[in-house]
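Novice: need the 3D shape of this:
(chains A and B)
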There are 2 protein chains.
Amino acid sequence: MSGEAAFIDTLRALAHHPAARGLLDDTAVLQFGAETLVLTHDMMVEGRHFLPSQSQADVAWKLVATNLSDLAAKGAEPLGVLVGYMLAPDQADFAEGLSEVLEHYGVPLLGGDTVSGGAPQALGLTAIGRATHSPVPSRSGAKVGDVLWLTGQVGSAMLGFEALRDATGEDSTAYRRPMARLAEGEALAPLVTAMMDVSDGVLLDAWRLAEASQVSLAIDSRAVPIAVPETRRLDALRWGDDYELLFTLPADVEPPVPASRIGMVEPRGFVPLFLDGEPIANRHGLGWEH
Amino acid sequence: MSGEAAFIDTLRALAHHPAARGLLDDTAVLQFGAETLVLTHDMMVEGRHFLPSQSQADVAWKLVATNLSDLAAKGAEPLGVLVGYMLAPDQADFAEGLSEVLEHYGVPLLGGDTVSGGAPQALGLTAIGRATHSPVPSRSGAKVGDVLWLTGQVGSAMLGFEALRDATGEDSTAYRRPMARLAEGEALAPLVTAMMDVSDGVLLDAWRLAEASQVSLAIDSRAVPIAVPETRRLDALRWGDDYELLFTLPADVEPPVPASRIGMVEPRGFVPLFLDGEPIANRHGLGWEH
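Specialist: Okay, here's the model as predicted:
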């Protein structure tokens, strides 16, 4: 068990509240009168979640988009964000990137905090949304016989990261400015049995979905659309930052948005994940653990 | 204008949304169905908001209490918190302190994020609450002729900080484990014309209230209850971290909670603040700017 997992378990045990389970799911669901709120909070740290050389405008974009992606996985409509910003010399770039991403998604900046600091820069963002469907999709509802689907393709962010890291001049937009699948999430919410966004890699996130649902997932690696040459297929399946939606539907339901059928939900076997028929016994190396 | 103020102004200008004004007020107010949500997000950075030697349990307490204090100033009832935690070796202490403060206030942990990092440790907390009174109190409603009030006394946190810094063995609880005036805030919300919590010092926060309300405040320094010897009265008025409530009431309204009458609201003069009749022309040195 990783240090983080142990910490979260400690929090859960200590907090004595069912809502603390939200920590395992990244996203909190809160009933509020007749409406349901969805809340998510992510932190980003320089050198870990972004390159020190990256523009603060891109950091702002990613900070917002990744949190909106959490809302997308819940089929939630964003109501606003609060930003926690550790001041950096190029803070004007941050403000501009923040403005761009908020305008792109039509989401207001509700508030936040700024602090002085120093390297490594740390930032936080809280996104708040309104659930458009009840019950709110979770990771834990996949049923045996369901089909596993994925929106879009994976590997674009990996290519973008490599272009940026190696300064090749190739397009790095997919890594720098990920897109949250908000419209897709809202369209899917009434239909899915389980849903999550792919932030840490298709395989690792599928593993998590399988664990949460207490099923096994059988993935056909060749069915996953990739944005990279065939020789790098497995890299693309293990790379995060693409923010596509991974979801399960009953076998007789077609998704209302473009998506690929990449696997099946099977009874819980001796491992949570099978890749092209091979059992995956250990989550390490499946994706990005942070 | 400080770097932070310039940054916030840039955010406001760029965000093109009235809600962005919340950044100046630390606390966002959001209509949601028939209810009004109050949201606040604060960051804390090691060496700046807490001493590196402080226990992570105290850091957790302060992180929660300071955000709940923001809700108290709005008369809001807390619904839950999301925590952003940069992992530290003594994370079990953090979990325990978090559990203690959440149990003390009866507030659930809704979710959050943990990240790896390094010194300086940075943490964030988002608190969400339900407004108990509409309109929600703000800093901007003080009216000429109102009386300025303060709950409790100031200077305790200063003494606690000094005890901790100098390892005198004196009681440092007030600095390490501040209390949020939630019950007082809720009782006051229907009556006040303006309210805020005192996080950065009575004088600096009174200056802010005066600026937001476009009035001048005349404070009688001897009317402010202090927890320190008379020789340190001015230090206590300039020291933050006490998290008392500063509020204005019409002259004929008595507060329903213990509080001291510390000044008057006057027409906007050539400065926002008068201390014992002396004009204060500059906010620098009035309190803690961070």
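Novice: chain B contacts on the stretch 51-200 of chain A?
Specialist: Within the stretch 51-200 of chain A, the positions near chain B by Cβ under 8 Å from any Cβ of the partner chain are A:79-80, A:82-87, A:91-92, A:94-96, A:98-99, A:102-103, A:108-118, A:120, A:122, A:124, A:126, A:128, A:130. Where C-beta positions appear, they are placed from N, C-alpha and C, glycine not excepted.
Novice: tell me the buried residues within the residues you listed.
Specialist: Buried subset of these (neighbour count, 16 or more other Cβ atoms under 10 Å in any protein chain shown): A:79-80, A:82-87, A:91-92, A:94-96, A:98-99, A:102, A:108-115, A:117, A:120, A:122, A:124, A:126, A:128, A:130.
Novice: quick one: low-confidence parts of the stretch 1-150 of chain A?
Specialist: In the predicted model of the stretch 1-150 of chain A, residues A:1-26 satisfy pLDDT under 70.
Novice: run the last query once more with 90
Specialist: A:1-35, A:47-54, A:86-92, A:95, A:108-120 (pLDDT under 90).
Novice: what segments of it are strands?
Specialist: Remark: strands assigned in the stretch 1-150 of chain A by DSSP state E, counting those that start in this stretch are A:27-32, A:35-45, A:76-86, A:109-115, A:122-131, A:147-150.
Novice: and the contacts of the last one?
Specialist: With contact meaning Cβ atoms under 8 Å, 6 or more residues apart in numbering or on different chains, strand A:147-150 is reached by A:142, A:198, A:202, A:206, A:217, A:219, A:224-225, A:244-251, A:255, A:259-265.
Novice: try 6 Å
Specialist: Identification of contacts with strand A:147-150 by Cβ atoms under 6 Å, 6 or more residues apart in numbering or on different chains yields A:217, A:244, A:246-249, A:251, A:255, A:259-263.
Novice: what's the most distant pair in the residues you listed?
Specialist: With Cβ to Cβ as the measure, no two of those lie farther apart than A:Glu244 and A:Ala251, at 21.1 Å.
Novice: between these two, who's got more neighbours?
Specialist: A count of neighbours by other Cβ atoms under 10 Å in any protein chain shown puts A:Glu244 above the other of A:Glu244 and A:Ala251, at 28 against 12.
Novice: how close does the more buried one sit to A:Ser69?
Specialist: Distance of A:Glu244 to A:Ser69, given as Cβ to Cβ, to the nearest Å: 9 Å.
Novice: just give the number of residues close to A:Asp166.
Specialist: With other Cβ under 10 Å as criterion, A:Asp166 counts 9.
Novice: separation between it and A:Lys62?
Specialist: A:Asp166 is 19 Å from A:Lys62, by Cβ to Cβ.
Novice: which residues pair with the closest residue to A:Ala218 other than its chain neighbours across the strands?
Specialist: Nearest non-adjacent residue to A:Ala218, counting by Cβ to Cβ, 6 or more residues apart in numbering or on different chains: A:Phe274, 4.4 Å away. On the basis of DSSP bridges, A:Phe274 is bridged to A:Ala218, A:Pro279.
Novice: for A:Asp241, what are its contacts?
Specialist: A:157, A:175.
Novice: tell me the confidence at A:Pro229?
Specialist: pLDDT for A:Pro229: 96.
Novice: quick one, phi/psi of it?
Specialist: When quoted as degrees, to the nearest 10, the phi and psi of A:Pro229 stand at phi -60, psi 150.
Novice: now do A:Met196
Specialist: According to degrees, to the nearest 10, A:Met196 has phi -160, psi 160.
Novice: ok, it to A:Asp42 distance?
Specialist: Distance from A:Met196 to A:Asp42, by Cβ to Cβ: 14 Å.
Novice: same thing with A:Arg222?
Specialist: 32 Å.
Novice: who has more neighbours out of these two?
Specialist: Taking other Cβ under 10 Å, A:Arg222 and A:Asp42 do not tie; A:Asp42 has more neighbours (26 against 11).
Novice: check contacts around the more buried one.
Specialist: Residues near A:Asp42 by Cβ under 6 Å, 6+ apart: A:66-67, A:125, B:113.
Novice: which strand residues bridge it?
Specialist: Using DSSP bridges, the bridge partners assigned to A:Asp42 are A:Leu125.
Novice: starting at the chain centroid, how far to the helix ranked longest in chain A?
Specialist: The longest helix of chain A (DSSP state H) is helix A:56-72. How far helix A:56-72 lies from its chain's middle: 10 Å, per Cα atoms, centre = their mean, to the nearest Å.
Novice: check what contacts that helix and list those residues.
Specialist: A:26-27, A:38, A:40, A:42, A:44, A:50, A:78, A:88, A:90, A:93-94, A:96-98, A:101, A:105, A:123, A:125, A:127, A:129, A:176-178, A:180-182, A:185, A:197, A:243.
Novice: and those residues, which are buried?
Specialist: Among these, those classed as buried by neighbour count (16+ other Cβ under 10 Å) are A:26-27, A:38, A:40, A:42, A:44, A:50, A:78, A:88, A:93-94, A:96-98, A:101, A:105, A:123, A:125, A:127, A:129, A:176-178, A:180-182, A:185, A:197, A:243.
Novice: now A:Leu245, which residues is it bridged with?
Specialist: Here A:Leu245, judged by DSSP bridges, has bridge partners A:Asp197.
Novice: which pLDDT value belongs to it?
Specialist: 98.
Novice: contact partners for it?
Specialist: Counting by Cβ under 6 Å, 6+ apart, A:Leu245 touches A:151, A:181, A:184, A:197.
Novice: in strands, which of those residues appear?
Specialist: Among the contacts of A:Leu245, the residues falling in strands (DSSP state E) are A:Asp197.
Novice: and the closest residue to A:Glu162 other than its chain neighbours, which of the three is it?
Specialist: Leaving out its chain neighbours, the residue that sits closest to A:Glu162 by Cβ to Cβ, 6+ apart is A:Thr168, at 7.3 Å. Counting by DSSP: H, G, I helix; E, B strand; the rest coil, the backbone at A:Thr168 sits in coil.
Novice: confidence score at A:Thr168?
Specialist: 94.
Novice: burial check on it, number of neighbours?
Specialist: 11.
Novice: for A:Arg130, name its beta-bridge partners.
Specialist: The partner residues for A:Arg130, given DSSP bridges, come to A:Leu37, A:Glu77.
Novice: from what I can see it touches A:Glu77, true?
Specialist: Yes - when contacts are counted by Cβ atoms under 6 Å, A:Arg130 is listed as touching A:Glu77 (5.0 Å).
Novice: if we can go back for a sec, out of the contacts of A:Asp42, who's nearest B:Ala210?
Specialist: Distance to B:Ala210 across these (Cβ to Cβ) is lowest for A:Leu125, with 31.9 Å.
Novice: my guess is the closest one meets A:Val83, correct?
Specialist: Yes - between A:Leu125 and A:Val83 there is a contact at 5.5 Å, judged by Cβ under 6 Å.
Novice: what helices or strands is the host helix or strand of A:Ala210 leaning on?
Specialist: Assigned by DSSP states H and E, A:Ala210 belongs to helix A:202-213. Helix A:202-213 sits against strand A:194-197, strand A:216-219, helix A:233-238, with contacts defined as 3 or more Cβ pairs under 6 Å, 6 or more residues apart in numbering or on different chains; DSSP states H and E.
Novice: so which of the ones you listed is the most surrounded?
Specialist: Comparing the helices and strands packed on helix A:202-213 by mean neighbour count (mean count of other Cβ atoms under 10 Å in any protein chain shown), strand A:194-197 ranks first with a mean of 26.
Novice: quick one: mean pLDDT over it.
Specialist: If you average the pLDDT over strand A:194-197, you get 97.
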